[in-house]
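Colleague: Based on what follows, work out the 3D shape:
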Amino acid sequence: MARKSNYIINRKNTELWKEDTLKSVSLYNDWFLDFAPVTYTKERKCAMEQVEFAISQTDNFHFTATHLKEHPEFITILRMATTPPIARDRLIGFSGIKTSFIKNMEEGRLPQRMSDEEKEDSLSRIAHVLNKLLDIELFPWIHKGNAPTAEELKIAECIVADRLCGTLSDPIIRNEQEKRQLKVISDFLVSEGYTFVDSKNVVLFSEMKQGTFTFHLNVPVKMNRLGVNMPVDVVIKRKGCSEETLPLLVECKSAGDFTNTNKRRKEEAQKIEQLKNTYGNDVDFVLFLCGYFDSGYLGYEAAEGIDWIWEHRVIDFKKAGV
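Modeller: Presented below is the predicted three-dimensional model:
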């Protein structure tokens, strides 16, 4: 099904890597400075309202398993009320409950396939851990055994809301980064005469029509002799190619610092290995980059035979035969 691919886009242009990295960082920073403050302000207002409601419904954070049962969604806020704020996985470890139980609570419900006794026991375990780790300096009235002053309540609300806001705004920023990148790709492809198709209408990615593209498509691959679906951000069936030619697979990457990109660089190598094991060595897989990707990251990807297209130079898709 695959065909020989000789496209060289950017992985061998080492003399341009440093300049491209600087342009990519600049593009990311300009976008972040425009988007992030607005997002944070919006999320902080929402977080303040959530924390204020949680405090009012838990008798000023004198919370019990009953409060968690009535408002499972408070779990995220209460994690931010400990010192230090406790991560989900650590709470699971300390309380000895199932991961699915916490995830259900975060979505505002309790697991349905669980007995009432098990639910009560899990909620009691969670309440015990959270109360033991509660930030007493932030909620001094709990230790003193008196009612909080208006000032104490306001300070507590603001601090917990700020902690919560960080957990809420980061995923939103990541989602917006992806939306921006997909729009840049879509605008370019449409300008080149390509047609978007909903991934729900794509049965097999190998049978996509020429001149079409889709987003978030599951591509079947072999893993440990088992068949699994690999989510791919963008799949493009080039115009003028033969029916048996596989589409171009694109992974969108956006990063706000150099550390995380170098930690995650092995992910792409694993993906291309699985794709090659399934479709042969000539499968077309490229990265679409914006942000902090330095020579260390780029050199690693190039050594793995992975090429990339920069968001600030989307026209390089033409070098990939698009």
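
Colleague: my read: residue 214 touches residue 208, true?
Modeller: Yes - taking C-beta atoms under 8 Å as the definition, residue 214 is a contact partner of residue 208 at 7.2 Å. All C-beta atoms are positioned from the backbone trio N, CA, C, and that covers glycine.

Colleague: what residues do the two have in common as contacts?
Modeller: Listed as contacting both residue 214 and residue 208 by C-beta atoms under 8 Å, 6 or more residues apart in numbering are 197, 202, 235.

Colleague: what's the burial count for the second one?
Modeller: So the one you mean is residue 202. Residue 202 has 19 neighbours, counted by other C-beta atoms under 10 Å.

Colleague: what's the answer for residue 114, then?
Modeller: Neighbours of residue 114 (other C-beta under 10 Å): 15.

Colleague: What of residue 275?
Modeller: Neighbours around residue 275, by other C-beta under 10 Å: 22.

Colleague: who's in contact with it?
Modeller: 219, 221, 230, 249, 283, 285.

Colleague: just these now: which is nearest residue 95?
Modeller: residue 230 (33.9 Å; C-beta to C-beta).

Colleague: Could you point out the helix or strand that follows the one helix or strand that closest one maps to?
Modeller: According to DSSP states H and E, residue 230 maps onto strand 226-237. As assigned by DSSP H and E, the chain's next helix or strand after strand 226-237 is strand 248-255.

Colleague: before we move on, back to that, redo the contacts of residue 275 as JSON lines? Include pLDDT, distance to residue 31 and neighbour count.
Modeller: JSON lines is the format used below for those (pLDDT from 0 to 100; distance: C-beta to C-beta, whole Å; neighbours: other C-beta atoms under 10 Å):
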{"residue": "219", "pLDDT": "90", "distance to residue 31": "29", "neighbour count": "23"}
{"residue": "221", "pLDDT": "87", "distance to residue 31": "32", "neighbour count": "20"}
{"residue": "230", "pLDDT": "88", "distance to residue 31": "28", "neighbour count": "17"}
{"residue": "249", "pLDDT": "95", "distance to residue 31": "25", "neighbour count": "22"}
{"residue": "283", "pLDDT": "85", "distance to residue 31": "31", "neighbour count": "22"}
{"residue": "285", "pLDDT": "92", "distance to residue 31": "25", "neighbour count": "21"}
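
Colleague: Pick the one among those closest to residue 17.
Modeller: residue 285 (19.5 Å).

Colleague: can you pull the contacts of the nearest residue to the closest one once chain neighbours are set aside?
Modeller: In space, residue 285 comes closest to residue 249 once its chain neighbours are excluded; the distance is 4.7 Å by C-beta to C-beta, 6 or more residues apart in numbering. By C-beta under 8 Å, 6+ apart, the contact set of residue 249 is 219, 232, 234-235, 275, 283-286.

Colleague: Distance to residue 268 for those - can I get that in JSON lines?
Modeller: What follows is the contacts of residue 249, written out as JSON lines (distance: C-beta to C-beta, whole Å):
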{"residue": "219", "distance to residue 268": "14"}
{"residue": "232", "distance to residue 268": "12"}
{"residue": "234", "distance to residue 268": "14"}
{"residue": "235", "distance to residue 268": "16"}
{"residue": "275", "distance to residue 268": "10"}
{"residue": "283", "distance to residue 268": "13"}
{"residue": "284", "distance to residue 268": "14"}
{"residue": "285", "distance to residue 268": "8"}
{"residue": "286", "distance to residue 268": "10"}
